[in-house]
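>>> prediction below, plus the sequence it came from.
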Amino acid sequence: MTEKISGDPGEEAARATGAAAASDAPVILSNEPGSFARGVLAERHPALIQQVRDAFPYGRRQHEALDDLLDEITTGVVEPLASTERDHDHWAGWGREHFGRSWYDVPFLWAESYFYRRLLGAVGYFDAGPWQGVDPFAPFKQAELEGDAVAQELRALDALANVPAEERATALLHASLWGNRADLGFRASAGEPETGDAAASMLVADDSVSLWQALPAGAPSTVAVVADNAGRELVPDLILIDHLLEQRHAERVVLHVKPSPYYVSDAMTADVVDCLRRLVKAPGEAGRIGGRLWKAMTADDLEVRTHPFFCAPLPYGEMPADLRAAFESATLTLLKGDLNYRRLVGDRLWDATASFADRTAYFPGSVAALRTLKSDVIVGLDQSTSAALESSGAAWRTSGTHALIQVRG
Ligand SMILES: O=P(O)(O)OC[C@H]1O[C@](O)(CO)[C@@H](O)[C@@H]1O
């Protein structure tokens, strides 16, 4: 359970090293008026139900199920899955302490994850029948991938083709990082991502030197990339992966994606294929990168994997043994995005200067987080950065205007 983070491997590691266990940081719920979490549950989730309803010619059964879900999340209590659902037993365990309570009173991380599970259930995603496997977010993902912003970003690659490798590496790392700002669940309230120098100045932590040091060219490294959003984030992620392979920072890359639609734009295998097709058909440098990536996938130098844990409402401290082994065998695991960060350090209101190394000590092998800040969770800031941000009066934790690169070797 999310709130039983004390007793998780991270806490044990912190205790073993004598570091402050800090388990008293409050778990984020959604019942605080005016809080970011409350806004997600009270405004974004109902709006999302409407968007999905409008995007497909669903029949009466789906519309009624969406009506019921809307009632439940706004005025009702959390209901369990029907006993006939294939994953009923998992959720019965994960939700034991939450069923029967207001959605606002259960941990934010759990509530969001369960909302997506229930939304998929309402549209028949898991049921044998005509809507089985139809991604309710596909129209939004497709529109983004075919849009002007992606086309422009792909054209900009031509200018990067001949710049020195180090400069190119920084530009591609930042493109992947800021691509995280462009997730579709978040877009409604955010402007365009920053670029160039402005983007660098918005980094609240920057361990990129350690990141590149962990991946010396020519070493037989395997990099695990845990993807976040499709489209405008996954395209630059794939371009960064191409750079890692091409410049021999990695011999192999394993790209972990979601097994089912999640948080609107999270990437699944189908989205990887769509992004690769988009790259391959692009002119110039983007097309060349697409061609190399396509070849890398067919040669298994780039392997796509998925795991049910990626859609579970749990922190990484509770990851199963097979996933733990996969990360352990990687030279570096690169976790993309805000949700992965929340799951990595724990979805709590940490002191912003709490140690990133301590919070992630349990994670198997070296880990890097690349994330724009889109929720209240943050650790690893130095004292002066934290003080300056806190006194700025800006919504720096949640607005996506700031970003971080944090590494624990
Ligand atoms: O796509 P990302 O970067 O994981 O962001 C998802 C984030 O979006 C939200 O669902 C709402 O902004 C956050 O709660 C969550 O952490």
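Thanks, I have the structure now.
>>> please count neighbours and contacts with C-alpha atoms only from this point.
Noted.
>>> can you classify Leu255 by secondary structure?
When classified by DSSP: H, G, I helix; E, B strand; the rest coil, Leu255 comes out as strand.
>>> can you pull the contacts of it?
Listed by C-alpha atoms under 8 Å, 6 or more residues apart in numbering, the contact set of Leu255 reads Ala224, Val225, Val226, Ala227, Leu302, Glu303, Val304, Arg305.
>>> Asp351 now?
Contacts of Asp351 (C-alpha under 8 Å, 6+ apart): Ala25, Ile378, Val379.
>>> could you pick out the buried ones from the residues you listed?
Ile378, Val379 (16 or more other C-alpha atoms under 10 Å).
>>> before we move on, the earlier item: would you mind checking the contacts of Leu255 for buried ones?
By neighbour count, with 16+ other C-alpha under 10 Å, the contacts of Leu255 hold Ala224, Val225, Val226, Ala227, Leu302, Val304 as buried.
>>> now do Glu72 against Ala42, distance only.
As judged by C-alpha to C-alpha, to the nearest Å, Glu72 and Ala42 stand 12 Å apart.
>>> for the closest residue to Val134 other than its chain neighbours, helix, strand, or coil?
Spatial nearest neighbour of Val134, excluding adjacent residues (C-alpha to C-alpha, 6 or more residues apart in numbering): Tyr125 at 6.1 Å. Using three-state DSSP, the structure places Tyr125 in coil.
>>> let the chain start at 57 from now.
Right, with 57 as the first residue, what we last looked at is Tyr181.
>>> what's the pLDDT at Tyr181?
Per-residue pLDDT puts Tyr181 at 98.
>>> got the contact list for it?
By C-alpha under 8 Å, 6+ apart, the neighbours of Tyr181 are Trp187, Gln188, Gly189, Val190, Asp191.
>>> quick one, phi psi at the residue of the chain most remote from its centre?
The C-alpha centroid of the chain is most remote from Arg116, which lies 32.9 Å away (C-alpha atoms, centre = their mean). Torsion angles at Arg116 (phi, psi; degrees, to the nearest 10) stand at phi -60, psi -40.
>>> now swap in Val360 and tell me
Torsion angles, degrees, to the nearest 10, at Val360: phi -100, psi 130.
>>> what's opposite it in the beta bridge?
Beta-bridge partners of Val360, counted by DSSP bridges, are Leu311.
>>> residue contacts, it?
Contacts of Val360 by C-alpha under 8 Å, 6+ apart are Val310, Leu311, His312, Val313, Thr325.
>>> out of those residues, which are buried?
Val310, Leu311, His312, Val313, Thr325.
>>> which residues sit in contact with the third one?
Think His312. Going by C-alpha under 8 Å, 6+ apart, His312 touches Ala280, Val281, Val282, Ala283, Val360, Arg361, Thr362, His363.
>>> strands - which of these land there?
Within the contacts of His312, residues falling in strands by DSSP state E are Ala280, Val281, Val282, Val360, Arg361, Thr362.
>>> identify the residues contacting the last one.
Applying C-alpha under 8 Å, 6+ apart, we find Thr362 in contact with His312, Val313, Lys314, Pro315, Met324.
>>> mind putting those into CSV with distance to the ligand?
Compiled in CSV, the contacts of Thr362 are given as follows (distance: C-alpha to the nearest ligand atom, whole Å):
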residue, distance to the ligand
His312, 14
Val313, 12
Lys314, 12
Pro315, 15
Met324, 13
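>>> any idea which of the residues you listed is closest to Ala225?
Nearest to Ala225 among the contacts of Thr362 is His312, at 21.7 Å by C-alpha to C-alpha.
>>> flag every buried residue along stretch 198-216.
For stretch 198-216, a neighbour-count test (16+ other C-alpha under 10 Å) marks Glu200, Leu201, Val206, Leu210, Arg211, Leu213, Leu216 as buried.
>>> what does the domain assignment say about the chain?
What the record gives for the chain is the domain set 87-192, 202-464, from automatic domain parsing.
>>> looking at those, which is buried most?
Mean neighbour count, computed with mean count of other C-alpha atoms under 10 Å, is highest for domain 202-464 among these, reaching a mean of 19.
>>> just the endpoints, please. Distance across that domain?
Domain 202-464: ends 36 Å apart by C-alpha to C-alpha.
>>> over to stretch 88-103?
Termini of stretch 88-103 sit 20 Å apart (C-alpha to C-alpha).
>>> average pLDDT for it?
For stretch 88-103, mean pLDDT rounds to 97.
>>> got it, and stretch 259-279?
Summarised as a single mean, pLDDT over stretch 259-279 is 97.
>>> give me the contact list for that stretch.
Contacts with stretch 259-279, where a contact means C-alpha under 8 Å, 6+ apart, come from 303-310, 385-390, 424, 436-437, 441, 458-463, 465.
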